[in-house]
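> could you work out the structure for the sequence below:
(chains A, B, C and D)
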Protein chains: 2
Amino acid sequence: MAAGPDRKPTDAELAILRVLWARGPSTVREVAREMGREHAYTTILKLLQIMTEKRLVRRDESPRTHVYEAAWTEGQTQQQIVTDLLERVFDGSAAKLVMQALATRKASRKELDEIRKLLDQQRGGRK
Amino acid sequence: MAAGPDRKPTDAELAILRVLWARGPSTVREVAREMGREHAYTTILKLLQIMTEKRLVRRDESPRTHVYEAAWTEGQTQQQIVTDLLERVFDGSAAKLVMQALATRKASRKELDEIRKLLDQQRGGRK
DNA sequence: TGACAACTACGAAACACTTCGTAGACAATG
DNA sequence: CATTGTCTACGAAGTGTTTCGTAGTTGTCA
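Numbering: from 1, shown residues only, chains lettered A, B, ... in the order given. Next comes the predicted model:
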């Protein structure tokens, strides 16, 4: 079984992960460019180094330019975050979280149908 | 319109808020007792003082023993956290968050029905 | 009143997070 | 070959979080 990351990602780390998920394996420069000019190059580099230690990303140590890749998929990370959030904020009740989410942002018709379908599946498994 | 809290609560702050939501207005001692013996009395006190500055709690400064009260309801706080989470992790898509939540923990039959009802309401407002 | 108990305030330490400058290695270019 | 550019590594500062000891105040009670 695969062990999880050492810690959950911080806000700055999450911003970087979003770039890696969108772009796939990337160099520091590519990530930096994607994130605009709000951060110095070395800031991104340092964060990626720390994220490597935390096992949030893997890096291909090519001789000159390293290539970084998210160690966990976006879905896995969302899962970890939701699991943590359920415990810390929603008493472990997925229903409460779902209802807050739906109350916060309206979903599109198509999304609502998707959710409904998922609901039906769960209902099926439950008498 | 009421302004939000200065920052979103940290993990330790959230643990305290959970006690305040469950117990209602409480003294430091009551909160400390509720949280077991994992924290020194003064740790809780200090956190509550900081939370007062951040406007996460209000305190009744009775002459001898202060009484603290959550400044925001559990629902309001959950709302703030979910809003933040949607932006940071789910591309603003409530549907993605909902589906991760449902995939994480099975909800009870009754909860599923509640969710379904909410879904119907949203569908009503959306042709 | 003197000792004790309970309370707040404060300061400081330990740690995590975020930022970026500087240094050193190395390749490319004129 | 010297200069310039790009890369990694490292250190350190500034801020926020979490922890708790110590000091000082006040109320209680024998």
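
> enumerate every residue touching residue A:21.
A:70, A:73, A:74 (Cβ atoms under 8 Å, 6 or more residues apart in numbering or on different chains). Glycine gets a C-beta too; all of them are placed from N, C-alpha and C.

> skipping adjacent residues, who's closest to the last one in space?
Excluding the flanking residues, the one nearest residue A:74 by Cβ to Cβ, 6 or more residues apart in numbering or on different chains is residue A:21, at 4.5 Å.

> tell me the secondary structure for that neighbour?
Classification of residue A:21 by DSSP: H, G, I helix; E, B strand; the rest coil places it in helix.

> let me know the pLDDT of it.
On the pLDDT scale, residue A:21 is placed at 98.

> just the CA coordinates for the helix or strand containing residue A:102, please, in PDB.
If you go by DSSP states H and E, residue A:102 is part of helix A:94-104. Extracted C-alpha coordinates of helix A:94-104, given in PDB (Å, rounded to 0.1, in the frame of the first residue of the first chain):
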ATOM      1  CA  ALA A  94     -20.100  14.100   4.300                       C
ATOM      2  CA  ALA A  95     -23.700  15.200   4.000                       C
ATOM      3  CA  LYS A  96     -23.000  18.400   5.900                       C
ATOM      4  CA  LEU A  97     -20.100  19.200   3.700                       C
ATOM      5  CA  VAL A  98     -22.100  18.400   0.600                       C
ATOM      6  CA  MET A  99     -24.800  20.700   1.700                       C
ATOM      7  CA  GLN A 100     -22.500  23.600   2.500                       C
ATOM      8  CA  ALA A 101     -20.800  23.100  -0.900                       C
ATOM      9  CA  LEU A 102     -24.100  23.200  -2.700                       C
ATOM     10  CA  ALA A 103     -25.300  26.200  -0.800                       C
ATOM     11  CA  THR A 104     -22.100  28.100  -1.600                       C
END
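
> now for that helix, which elements pack on it?
Here helix A:94-104 touches helix A:74-89, helix B:74-89, helix B:94-104, helix B:109-124, going by 3 or more Cβ pairs under 8 Å, 6 or more residues apart in numbering or on different chains; DSSP states H and E.

> picking up where we left off before, most surrounded residue in the contacts of residue A:21?
Scoring the contacts of residue A:21 on neighbours with other Cβ atoms under 10 Å in any protein chain shown, the highest-scoring entry is residue A:70 at 23 neighbours.

> report the contact partners of it.
A:17, A:20, A:21, A:56, A:57, A:77.

> in PyMOL, how would I select the buried members of those?
Here is the PyMOL command that picks out the buried ones among the contacts of residue A:70, judged by 16 or more other Cβ atoms under 10 Å in any protein chain shown:
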select buried, chain A and resi 17+20+56+57+77
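
> residues in contact with the helix-or-strand element of chain A with minimal mean pLDDT?
Lowest by mean pLDDT, DSSP states H and E among the helices and strands of chain A is helix A:109-124, with a mean of 79. The contact list for helix A:109-124 (Cβ under 8 Å, 6+ apart) reads A:107, B:93-95, B:98-99, B:102-103, B:106-107, B:109, B:112, B:115-116, B:119, B:122-123, B:126.
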